[in-house]
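# No letters, just coordinates:
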């Protein structure tokens with residue numbers, strides 16, 4: 001059948017807390033939904049000239065020829081549901097969320113697709129239980145035609161929608177039986193998270209103290225991330241033992257992210273599951289499970305808290321980066337520009353790093369005191385140097401070092417800024433002692449910062465301390481085993497083994513780094529040197545050819561000119577000898 005296009009009003013709806021309802025009473029929930037469809041929803045859709053396109057277990061998609069019909073249908077459904085829920089026990093009430101959009105759709109074999117459908121589905125996730133959320137176009141078409149009030153929610157960045165969409169909450173007069181009475185709290189300027197009480201699945205009330213203590217440890221550990229707004233445990237604890245709707249929790253606590261989980265004990269073993277949810281979309285952005293022994297409860301609580309923070313920090317950063325990327329460029333402040341620059345840094349290409357530095361400079365023009373941007377510029381300049389992406393001038397090095405020192409002075413409570421700035425002054429200026437002090441400050445604030453442990457590993461290499469360096473890199477990898485900077489950690493460990501004279505291990509770790517980022521210059525150079533010292537000249541020459549391909553102007557003299565700043569004499573001598581054996585020209 002040929003696909004056709006047309007303009008339509010699309011209504012998307014789903015059941016709030018569907019999984020909870022099904023878990024509590026699957027048969028009863030399905031029977032209740034069947035009755036609701038037959039007695040309320042289907043007749044109301046038909047009465048307003050709608051076409052039920054499809055159902056999806058807990059949701060449905062409906063097409064209307066006009067916004068007025070779609071809104072009348074939605075308000076009647078929600079009013080009817082409020083009446084049906086009146087007097088029902090709280091844990092048995094069924095509420096729908098509804099989103100409506102007017103837009104272009106593609107019709108094929110009776111189904112509908114396209115941006116108009118996708119926006120409606122995303123708007124539905126913004127609606128309260130028992131509520132309706134509509135796009136700006138729907139609001140414009142409905143004003144003056146229906147006796148409804150609209151609350152402007154502003155521009156919303158919707159998942160997988162390239163442009164921001166203005167959204168409105170509809171005041172229908174129907175009150176959801178599960179809706180909270182208090183207005184939604186305004187989200188703070190920085191990312192916000194609540195750690196909900198974990199469910200004790202052990203059937204053992206005596207384990208409650210362990211579960212509660214672990215949640216407290218996790219909350220305390222996450223609170224050490226200064227770029228996050230963390231809800232105090234006392235505010236989250238009232239949700240203990242309740243079947244909660246994370247979107248309702250988000251509105252009541254004023255947070256974007258929620259961490260929830262459960263604990264199950266068997267004999268002397270315990271299994272802990274955790275999931276991190278973006279409440280604006282309902283998406284699970286991280287989930288895992290942890291198995292451990294209850295030999296030392298307090299040590300286990302510390303280990304779980306450390307693992308959670310190390311794992312969710314990069315996930316939260318990535319989620320915030322994606323959110324900032326969806327914003328129009330003209331609406332970006334210093335924080336959003338920093339996040340976009342961070343995204344460019346993760347790409348680690350010459351154009352991306354160049355664009356990232358430009359974004360950071362714009363951020364500092366808006367807010368000269370914004371230390372994260374000041375610190376990240378140095379990281380970008382270092383990337384340009386080690387990869388040979390154009391010549392980094394003395395003026396640019398001086399600027400990067402100056403910004404890093406300024407950031408260290410001002411960033412008393414920001415561990416990420418401290419370790420980034422420390423890495424810059426250690427590598428560009430050879431000020432390893434000052435850098436080490438700043439990294440120690442970062443780890444005192446957040447002992448679970450994988451980035452700070454990574455920086456400690458590199459600086460220890462530069463101080464000819466391979467054992468301390470390897471220990472630091474091991475800690476970084478344990479905290480963040482899927483870190484987007486993983487190639488930098490493993491390349492650092494390769495260098496640490498080179499410092500220790502362990503050439504075979506250096507090659508192995510360099511290969512691990514290159515398996516993640518084959519064009520990473522420091523890993524290529526370390527492998528060349530290690531191979532040369534082991535007499536693997538053919539392999540060293542192969543690596544050298546790759547080095548020269550990436551950095552045609554690189555010579556022994558050029559390498560010495562900047563490595564002498566941060567390499568200890570012993571390491572520099574090993575490096576130079578290895579490069580000579582591999583056949584690098586003197587310059």
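Thanks, I have the structure now. Predicted, not measured: the structure shown is a model, and the values here were computed from it.

# domain parsing for the chain?
Split into domains by automatic domain parsing, the chain comes to 4-171, 192-315, 327-337+350-447, 468-587.

# Can you pull out the low-pLDDT segments for the stretch 251-400 of the chain?
Applying pLDDT under 70 to the stretch 251-400 of the chain flags the ranges 325-332.

# following whichever strand or helix holds residue 284, which helix or strand comes up?
Using DSSP states H and E, residue 284 sits within strand 283-293. Using DSSP H and E, the helix or strand that follows strand 283-293 towards the C-terminus is helix 297-325.

# Show me what that following helix is packed against.
In terms of contacts (3 or more CB pairs under 8 Å, 6 or more residues apart in numbering; DSSP states H and E), helix 297-325 is packed against helix 208-222, strand 257-266, strand 269-278, strand 283-293, helix 334-347, helix 450-462, helix 466-479. C-beta: built from backbone N, CA, C; applies to glycine.

# Return the set of buried residues in that helix.
By neighbour count with 16 or more other CB atoms under 10 Å, helix 297-325 contains the buried residues 300-301, 304-324.

# Give me the angle between that helix and helix 334-347.
For helix 297-325 against helix 334-347, the angle by axes from the mean of the first three to the mean of the last three CA atoms, to 10 degrees is 100 degrees.

# which of the helices and strands packed on helix 297-325 sits most buried?
Mean neighbour count, computed with mean count of other CB atoms under 10 Å, is highest for helix 450-462 among the helices and strands packed on helix 297-325, reaching a mean of 27.

# That one packs against which elements?
Short answer (3+ CB pairs under 8 Å, 6+ apart): helix 450-462 packs on helix 297-325, helix 415-429, helix 432-445, helix 466-479, helix 486-499.

# any idea of the angle the fourth one forms with helix 297-325?
Between helix 466-479 and helix 297-325, the angle formed by their directions is 70 degrees, by the same axes, to 10 degrees.

# what's in contact with helix 466-479?
306-307, 309-310, 448-451, 453-454, 456-458, 460-461, 483, 486, 489-490, 492-493, 495-497, 499-500 (CB atoms under 8 Å, 6 or more residues apart in numbering).

# residues in contact with the nearest residue to residue 14 once chain neighbours are set aside?
Using CB to CB, 6 or more residues apart in numbering and skipping the chain neighbours, the partner closest in space to residue 14 is residue 59 (3.5 Å). Applying CB under 8 Å, 6+ apart, one finds that residue 59 lies in contact with 12, 13, 14, 15, 124.

# Narrow those residues to those in helices?
Secondary structure defined by DSSP state H assigns residue 124 of the contacts of residue 59 to helices.

# Which members of the contacts of residue 59 are the farthest-apart pair?
12 and 15 (12.2 Å; CB to CB).

# Can you give me every residue that contacts residue 443?
Contacts of residue 443 by CB under 8 Å, 6+ apart are 415, 449, 452, 453, 456.

# wait, I meant residue 423
378, 379, 382, 435, 455, 458, 459.

# out of these, which one sits closest to residue 587?
The closest of those, once distances to residue 587 are taken by CB to CB, is residue 382, at 21.5 Å.

# quick one: buried residues of the helix or strand containing that closest one?
Using DSSP H and E, residue 382 sits within helix 371-387. Under the neighbour-count criterion of 16+ other CB under 10 Å, helix 371-387 has 371-387 buried.

# which stretches of the chain have low pLDDT?
1-2, 172-186, 189, 203-206, 209, 243-244, 325-332, 412, 482.

# residue contacts, residue 516?
If you count contacts by CB under 8 Å, 6+ apart, residue 516 has them with 486, 487, 490.

# Most neighbours among these, which one?
Neighbour counts for those (other CB atoms under 10 Å) peak at residue 490, which has 25 neighbours.

# can I get the domains of the chain in CSV with distance to residue 343?
Below are those laid out as CSV (distance: least, CB to CB, whole Å):
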stretch, distance to residue 343
domain 4-171, 14
domain 192-315, 12
domain 327-337+350-447, 8
domain 468-587, 10
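
# picking up where we left off before, closest to residue 398 out of the contacts of residue 59?
residue 124 (53.4 Å).

# quick one: that closest one and residue 99 touch, right?
Yes: Residue 124 is within contact range of residue 99, at 3.1 Å (criterion: CB atoms under 8 Å).

# Those two - which one has more neighbours?
residue 99 (27 against 24).

# Name the SS class of the more buried one, please.
Assigned by DSSP: H, G, I helix; E, B strand; the rest coil, the conformation of residue 99 is strand.

# and it, bridged to which residues?
residue 12, residue 133 (DSSP bridges).

# Verify the stated contact: it with residue 125.
Yes: Residue 99 lies in contact with residue 125 (CB under 8 Å); the separation is 7.3 Å.

# Quick check on residue 12 and residue 15: which one has the bigger neighbour count.
Neighbours per residue (other CB under 10 Å) separate residue 12 from residue 15, with residue 12 holding more: 26 against 22.

# Quick check: the gap between that one and residue 122.
Distance of residue 12 to residue 122, given as CB to CB, to the nearest Å: 9 Å.

# who touches both of the two?
Shared contacts of residue 12 and residue 122, counting by CB under 8 Å, 6+ apart, come down to residue 99.

# Please, where are all the helices along the stretch 51-200 of the chain?
67-85, 115-126, 136-142 (DSSP state H, counting those that start in this stretch).

# Could you say which of those is packed most deeply?
helix 115-126 (a mean of 23).

# name the helices or strands packed onto that one?
Looks like helix 115-126 contacts strand 4-15, strand 59-64, strand 96-108, strand 132-135, strand 165-171 (3+ CB pairs under 8 Å, 6+ apart).

# try it again with 10 Å
Judged by 3 or more CB pairs under 10 Å, 6 or more residues apart in numbering; DSSP states H and E, the packing partners of helix 115-126 are strand 4-15, strand 59-64, strand 96-108, strand 132-135, helix 136-142, strand 149-156, strand 165-171.

# Out of these, indicate the one that is most buried.
strand 132-135 (a mean of 29).

# Give me the distance from that strand to the chain's centre.
27 Å (CA atoms, centre = their mean, to the nearest Å).

# One more: stretch 527-536?
39 Å.

# again, but for stretch 342-358
18 Å.

# Can you check the distance spanned by that stretch, start to finish?
One end of stretch 342-358 to the other measures 12 Å (CA to CA, to the nearest Å).

# Then stretch 12-27?
24 Å.

# Would you mark the buried spots in it?
Buried, per 16+ other CB under 10 Å, within stretch 12-27: 12, 13, 14, 15, 16, 17, 21, 22.

# Now do the same contact list for the fourth one.
If I follow you right, that is residue 15. 21-22, 29, 32-33, 36, 57-60, 94-97, 129 (CB atoms under 10 Å, 6 or more residues apart in numbering).

# From those residues, pick the one nearest residue 252.
So of the contacts of residue 15, ranked by how close each gets to residue 252 (CB to CB), first place is residue 129, at 12.4 Å.

# I'd assumed residue 20 was in contact with the closest one.
No: using CB atoms under 10 Å as the test, residue 129 is too far from residue 20 to be in contact (11.6 Å).

# Need the overlap of contacts for these two.
What both residue 129 and residue 20 touch, as defined by CB under 10 Å, 6+ apart, is the set residue 245.

# wait, residue 67 sits on residue 134?
Yes: look at residue 67 against residue 134 with CB under 10 Å: they come within range, at 8.3 Å.

# just the angle between the helix or strand where residue 405 lies and helix 371-387, please?
Secondary structure assigned from DSSP H and E places residue 405 in helix 394-410. Interaxial angle of helix 394-410 relative to helix 371-387 (the same axes, to 10 degrees): 140 degrees.

# In space, what's closest to residue 310 - neighbours in sequence excluded?
Sequence neighbours aside, residue 479 is the residue nearest to residue 310 in space, at 3.2 Å (criterion: CB to CB, 6+ apart).
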